[in-house]
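# sequence first, then the predicted structure:
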Number of protein chains: 2
Amino acid sequence: MNNPSPAEKAAILESITIDCVIFGFKAGNLEVLLVRHGEGISKDKWGLPGGWIYKTESTDDAANRLLLELTGIKDIYLEQLRAFSDPDRFPLSRVITIGYYALIKEEDYDLKAGATAAEVAWFKVSQVKDLIYDHAQILEIGLKRLRRRIKQEPIGFNLLPQKFTLLQLMHLYEEILGKEMDKPNFRRKILKMNLLTPLNEKEKDVSHRAAKLYQFNPETYQQLLEKGFNFEF
Amino acid sequence: MNNPSPAEKAAILESITIDCVIFGFKAGNLEVLLVRHGEGISKDKWGLPGGWIYKTESTDDAANRLLLELTGIKDIYLEQLRAFSDPDRFPLSRVITIGYYALIKEEDYDLKAGATAAEVAWFKVSQVKDLIYDHAQILEIGLKRLRRRIKQEPIGFNLLPQKFTLLQLMHLYEEILGKEMDKPNFRRKILKMNLLTPLNEKEKDVSHRAAKLYQFNPETYQQLLEKGFNFEF
DNA sequence: CTTCCTTATAGTTTATTTGACTACAAGTAT
DNA sequence: ATACTTGTAGTCAAATAAACTATAAGGAAG
């Protein structure tokens, strides 16, 4: 979100930007993808990946392009959060930013800092601090959305590896919703949804009884995405 | 959303606008507020109330100001829908619009066409057609949001008069969700929420047994707004 | 190889919530 | 007085949720 060069100015919208909140999950922690800026007024500070919009692209396209340019991540489903429009949110001029968010499996993507980003990395959400501009607020709204969504749609699964145990899934819910759950009840409820396909495999290299591995049933997944569910637990 | 005059250009953002989807409810029908444009390329066509954003105001403020200028409605709670960013959505130039929506009691507000609006009026949602630009899409997204929300938060009450009967409330839900409900069950469920305060009054001038009137319990209302509920019926 | 420990998984029990109904009460209109 | 309409109360079986107990399957320690 540095100021555009004169050459770029012709092709971009002047007072709108994009910022992306990308969530991942690793070792029981919810993480978010940040970039360290390599130039401009926020040089060397960390913030959400984002930038300017070309006049010829939709904001959805811009979000995907920017994410690719800055972090190397491509072809993910980004959902719009909302616009952030405090007149003073950006110090150099009046700029409204449109927030996007996504959930991805960290393991599926290689990070590669590009364009104006000097560095890209995952940070535990609970430990993020000192983001540029109003990015802390955008992250917070993204987190709120994630929490609301995960109770009503089977989106959390995007954060887990292909094959996972029921306990891993439960821990994911516990981490995101910030509350403890009952193993037998969780198991019963999620299995009844028919959303998981049991595999003929088990965990390996664990020092206790190995749990069965599961993966999604993409069909039920689609149905539930549309119809929603209630995952209060 | 006509093009700004040169004098205005200094003070407004060039490629962003606001559009508002205002829902009301009357005689069993869900209605939406539209304005007939008095000037510009969409002269004499109907569309959502909206317009340009001053550089010094947030989009929330802009939405409220524009609504007041165009329709005379003021001081309502407008919630942001999302940004609409199709590069071709606005014929004259590249303009992204930020949609807002609100639910209000029609009876509480007097309409008064102002600024660039030649006329303001309520239209039954089911009968709206031929809106300018992509306003049909914005309305559709607003409606979707309304349907989702009304199942999870007690927002529908904003559409009813101060005092109302349970059947009126149920009809509101039926109209918005497009599905029939069971009277006794609806009654039981909603009363148990403790959201309604029974009044010592009854309907008047009806040609059948008069129903008891209720109003909200603002405290429970606040609690439920934060905590949410599940109003599937 | 037996015992202990940890985690996985199955099952029980009780209270609560739903959904579909029935029944009756309270008014208006004829 | 009677029929008709809508409001309100209550019943009952099925489904769900929450808390809990019990057992199985492994590895680790002795």
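Received the coordinates, thanks. Numbering: from 1, shown residues only, chains lettered A, B, ... in the order given.
# next, the angle from the top strand by length along chain A to strand B:12-26.
The strand spanning the most residues in chain A, taking DSSP state E as the definition, is strand A:12-26. Here strand A:12-26 points in a direction 60 degrees away from that of strand B:12-26 (axes from the mean of the first three to the mean of the last three CA atoms, to 10 degrees).
# packing partners for strand A:12-26?
strand A:29-37, strand A:50-54, helix A:59-71, strand A:96-103, helix A:135-152, strand B:12-26 (3 or more CB pairs under 8 Å, 6 or more residues apart in numbering or on different chains; DSSP states H and E). Just so you know, the C-beta spots here come from the backbone N, C-alpha and C atoms, and that holds for glycine as well.
# identify all contacting residues around the second one.
Strand A:50-54 is contacted by residues A:1-2, A:4, A:8, A:11-13, A:16-20, A:59, A:62, A:65-66, A:69-70, A:97, A:115-116, B:85, B:96 when judged by CB atoms under 8 Å, 6 or more residues apart in numbering or on different chains.
# in the longest strand of chain A, what's buried?
Buried residues in strand A:12-26, counted by 16 or more other CB atoms under 10 Å in any protein chain shown: A:12-25.
# quick one, which of the helices and strands packed on strand A:12-26 gets closest to residue B:168.
Proximity to residue B:168 (CB to CB) singles out strand B:12-26 among those, at 9.2 Å.
# now the closest one - C-alpha only, PDB.
Only the C-alpha atoms of strand B:12-26 are listed here, as PDB (Å, rounded to 0.1, in the frame of the first residue of the first chain):
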ATOM      1  CA  ILE B  12     -15.100  14.000  -3.200                       C
ATOM      2  CA  LEU B  13     -13.400  10.700  -3.900                       C
ATOM      3  CA  GLU B  14     -13.400  10.000  -7.600                       C
ATOM      4  CA  SER B  15     -14.000   6.400  -8.000                       C
ATOM      5  CA  ILE B  16     -16.100   5.300  -5.000                       C
ATOM      6  CA  THR B  17     -19.700   5.700  -4.300                       C
ATOM      7  CA  ILE B  18     -22.300   4.500  -1.800                       C
ATOM      8  CA  ASP B  19     -25.600   2.800  -2.400                       C
ATOM      9  CA  CYS B  20     -28.200   2.000   0.300                       C
ATOM     10  CA  VAL B  21     -30.700  -0.800   0.400                       C
ATOM     11  CA  ILE B  22     -33.300   0.300   2.900                       C
ATOM     12  CA  PHE B  23     -35.900  -2.300   3.800                       C
ATOM     13  CA  GLY B  24     -39.300  -1.600   5.300                       C
ATOM     14  CA  PHE B  25     -42.300  -3.700   5.900                       C
ATOM     15  CA  LYS B  26     -45.900  -2.800   5.300                       C
END
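# I'd say residue A:112 and residue A:71 touch.
Yes: counting by CB atoms under 8 Å, residue A:112 sits close enough to residue A:71 to count as a contact (6.9 Å).
# about what we covered before: turn the helices and strands packed on strand A:12-26 into JSON lines, columns for distance to residue B:50 and mean pLDDT.
Compiled in JSON lines, these are given as follows (distance: least, CB to CB, whole Å; pLDDT from 0 to 100):
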{"stretch": "strand A:29-37", "distance to residue B:50": "33", "mean pLDDT": "94"}
{"stretch": "strand A:50-54", "distance to residue B:50": "20", "mean pLDDT": "95"}
{"stretch": "helix A:59-71", "distance to residue B:50": "18", "mean pLDDT": "96"}
{"stretch": "strand A:96-103", "distance to residue B:50": "15", "mean pLDDT": "97"}
{"stretch": "helix A:135-152", "distance to residue B:50": "23", "mean pLDDT": "92"}
{"stretch": "strand B:12-26", "distance to residue B:50": "3", "mean pLDDT": "94"}
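# winner for burial among those?
strand A:96-103 (a mean of 26; mean count of other CB atoms under 10 Å in any protein chain shown).
# and the angle from whatever helix or strand comes next after that strand to helix A:59-71?
Using DSSP states H and E, the helix or strand that follows strand A:96-103 in sequence is strand A:117-124. Counting by the same axes, to 10 degrees, strand A:117-124 lies at 100 degrees to helix A:59-71.
# name the helix or strand for residue A:199, please.
strand A:196-202.
# list residues touching both of residue A:112 and residue A:71?
In contact with both residue A:112 and residue A:71: residue A:120, using CB under 8 Å, 6+ apart.
# residue A:229: how many residues sit nearby?
15 (other CB atoms under 10 Å in any protein chain shown).
# contacts only, for it.
A:152-154, A:193.
# just give me the neighbour total for the residue nearest to residue A:197 when sequence neighbours are not counted.
Distance criterion CB to CB, 6 or more residues apart in numbering or on different chains; nearest residue to residue A:197, sequence neighbours excluded, is residue A:217 at 4.9 Å. Residue A:217 sits with 15 neighbouring residues when counted by other CB under 10 Å.
# so how far is residue A:199 from residue A:217?
Relative to residue A:199, residue A:217 is positioned 12 Å away (CB to CB, to the nearest Å).
# return stretch A:147-156 as CSV; C-alpha atoms alone will do.
The C-alpha coordinates for stretch A:147-156 follow below in CSV (Å, rounded to 0.1, in the frame of the first residue of the first chain):
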residue,chain,number,x,y,z
ARG,A,147,-15.4,-17.3,14.2
ARG,A,148,-18.9,-16.6,13.0
ARG,A,149,-18.4,-18.5,9.9
ILE,A,150,-16.9,-21.6,11.3
LYS,A,151,-19.9,-22.1,13.4
GLN,A,152,-22.2,-22.1,10.5
GLU,A,153,-20.3,-23.5,7.6
PRO,A,154,-17.7,-26.3,7.3
ILE,A,155,-15.0,-23.9,6.4
GLY,A,156,-12.5,-24.8,9.1
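# please see if that stretch touches DNA strand D.
No: for stretch A:147-156, no contact with DNA strand D is found by CB under 7 Å from any atom of the strand; the gap never falls below 11.8 Å.
# about what we covered before: highest neighbour count among the contacts of residue A:229?
residue A:154 leads the contacts of residue A:229 on contacts (other CB under 10 Å) with 22 neighbours.
# for it, what are phi and psi?
Residue A:154 adopts backbone torsions of phi -80, psi 50, taken as degrees, to the nearest 10.
# if we can go back for a sec, for the residue nearest to residue A:197, which residues are in contact?
Residue A:217 neighbours (CB under 8 Å, 6+ apart): A:194-197.
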